[in-house]
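S.K.: Predicted model follows, preceded by the sequence.
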Amino acid sequence: MPNVAMRLLCPFVVAALAIVSLPASAAPRTFVKSDGNDLNVCSIIAPCRNFTRALTQTDPGGEILVLDSAGYGAVTVNKGVSIIAPPGVYAGVAATVGDGIVVNAPGANVVLRGLDINGSGTSTGSGILHQAAASLLIDRCTVSGFANNVVFGDGPTGIRIQAGPVTIANSVVKNNFRGGISARGSDPLNFLRVTVVNSRMENNGAAFGDVRDAGVAVVAGALITVRDSVATGNFRGFAACGEGVSEPLGGVLSVDHSLADRNAVGVFVSVNNVACAVRVSNSTITDNSLFGIEQQGGSVVTSLGNNFVYSNAAAEVFGLTITTK
């Protein structure tokens, strides 16, 4: 009789052991907290400590939510997720060397919201390095203290964009030694599309005069639109191109309802192997210490005729002015 009972119980025991041995499944929503533990499953009652662990526990298309103020570590985002800190919560990503957040999630949608990404002025990498995704939204983020390097051309900046489309909204990019926001694409048939809206770029770029030394820079192969934003205290406020014949692709930068003030150069355009373009409308260019508008190599800054340009050290004339239609 005991043998019969054991035979009856065995299937249930095996099934129970199999269930216990299964790895924890991912969830659509995970959590990190200052006193969390990366041995946890990242639920709201058992939160994890760092973004990297939470990412492994989050379904594609899911969310990683920050519960309280702390530093949560550098992370490489390799799938579609939203990393979100609510207003009033400090969600730090410190990277004294290397990149803060790398986005490499081909075909996926990624959101970074409410994060403070800090390179402490020593990191030679980028605060956010965007390598691949179907879309990237950077919202309510601060990126500072990166790109402490002497690399010329297409190198690290506060936010370095190598894929699109990207939207940067309600963000601050400041104190990045070799530039604030830069974009460089490599496909002549599919330029990167980047939108910067309601954001502030401050004290970015060294005085080397490289194309990246700006608040916002089109390096090549990109179309950047800036709206309702401020570039102040940078080497150049808004810039496009300057790589010369070594760079086959051009680029376009459009600036609308924005301010370029107290930079060395307010608005800059030069050439790659082809001419590039900057278009400015409804904007103010003032109190820039070298040039208000600097144009090189046959590329021009075009005005819609509704801008305010005043009190710059020199060069306050657009290359072309057209009337609105």
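M.R.: It's in. Numbers count the residues shown, from 1 in each chain.
S.K.: so who does the closest residue to residue 153 other than its chain neighbours touch?
M.R.: Nearest residue to residue 153, sequence neighbours excluded (CB to CB, 6 or more residues apart in numbering): residue 243, at 6.4 Å. Where C-beta positions appear, they are placed from N, C-alpha and C, glycine not excepted. Contact analysis of residue 243 by CB atoms under 8 Å, 6 or more residues apart in numbering lists 153, 154, 211, 219, 220, 272.
S.K.: Where is pLDDT lowest across those?
M.R.: Lowest in pLDDT among those is residue 153, which has 81.
S.K.: That one - how many residues pack around it?
M.R.: Using other CB atoms under 10 Å, residue 153 is surrounded by 14 other residues.
S.K.: for stretch 301-317, what is the average pLDDT?
M.R.: Taken as a whole, stretch 301-317 carries a mean pLDDT of 96.
S.K.: what's in contact with it?
M.R.: Contacts of stretch 301-317 (CB under 8 Å, 6+ apart): 266-267, 269, 277-295, 318-324.
S.K.: Buried members of the residues you listed into ChimeraX, please.
M.R.: Of the contacts of stretch 301-317, the buried ones go into a single ChimeraX selection, burial set by 16 or more other CB atoms under 10 Å:
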select :266,267,269,277,278,279,280,281,283,284,285,286,287,288,290,291,292,293,294,295,318
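S.K.: Next step: the contacts of stretch 301-317 restricted to strands.
M.R.: 266-267, 269, 277-281, 284-286, 291-295, 320-321 (DSSP state E).
S.K.: what about residue 253, distance to residue 272?
M.R.: Distance from residue 253 to residue 272, counting by CB to CB, to the nearest Å: 13 Å.
S.K.: Would you format the contacts of residue 243 as CSV with distance to residue 128 and secondary structure included?
M.R.: What follows is the contacts of residue 243, written out as CSV (distance: CB to CB, whole Å; DSSP: H, G, I helix; E, B strand; the rest coil):
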residue, distance to residue 128, secondary structure
153, 19, coil
154, 15, coil
211, 19, coil
219, 16, strand
220, 19, strand
272, 24, coil
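S.K.: which is the next helix or strand following the one helix or strand residue 76 maps to?
M.R.: Take DSSP states H and E as the rule and residue 76 turns out to sit in strand 75-77. With elements assigned by DSSP H and E, the helix or strand that comes after strand 75-77 is strand 81-84.
S.K.: Now that following strand: average pLDDT?
M.R.: Within the predicted structure, the mean pLDDT of strand 81-84 is 98.
S.K.: Tell me which residues are up against that strand.
M.R.: 51, 55, 58, 60-66, 75, 77, 91, 108, 110-115.
S.K.: If we use 10 Å, what do you get?
M.R.: Here strand 81-84 makes contact (CB atoms under 10 Å, 6 or more residues apart in numbering) with 29-30, 32, 51, 54-55, 58-66, 72, 75, 77, 91, 93, 101, 105, 108-115, 137, 139-141.
S.K.: Restricted to helices, list those residues.
M.R.: Mapping those onto helices (DSSP state H) picks out 51, 54, 55.
S.K.: now, which of the residues you listed sits nearest residue 179?
M.R.: Closest approach between the ones in helices among the contacts of strand 81-84 and residue 179, by CB to CB: residue 51, at 25.2 Å.
S.K.: what comes up buried for stretch 83-99?
M.R.: Neighbour counts over stretch 83-99 (16+ other CB under 10 Å) mark 83, 84, 85, 90, 91, 92, 93, 94, 95, 96, 99 as buried.
S.K.: next one: stretch 130-148
M.R.: Of the residues in stretch 130-148, 130-133, 135-148 count as buried by neighbour count, 16+ other CB under 10 Å.
S.K.: repeat for stretch 33-51
M.R.: Going by neighbour count (16+ other CB under 10 Å), the buried part of stretch 33-51 is 33, 36, 38, 40, 41, 42, 47, 48, 49, 50, 51.
S.K.: Looking at it now, give me its mean pLDDT.
M.R.: Averaging pLDDT along stretch 33-51 gives 98.
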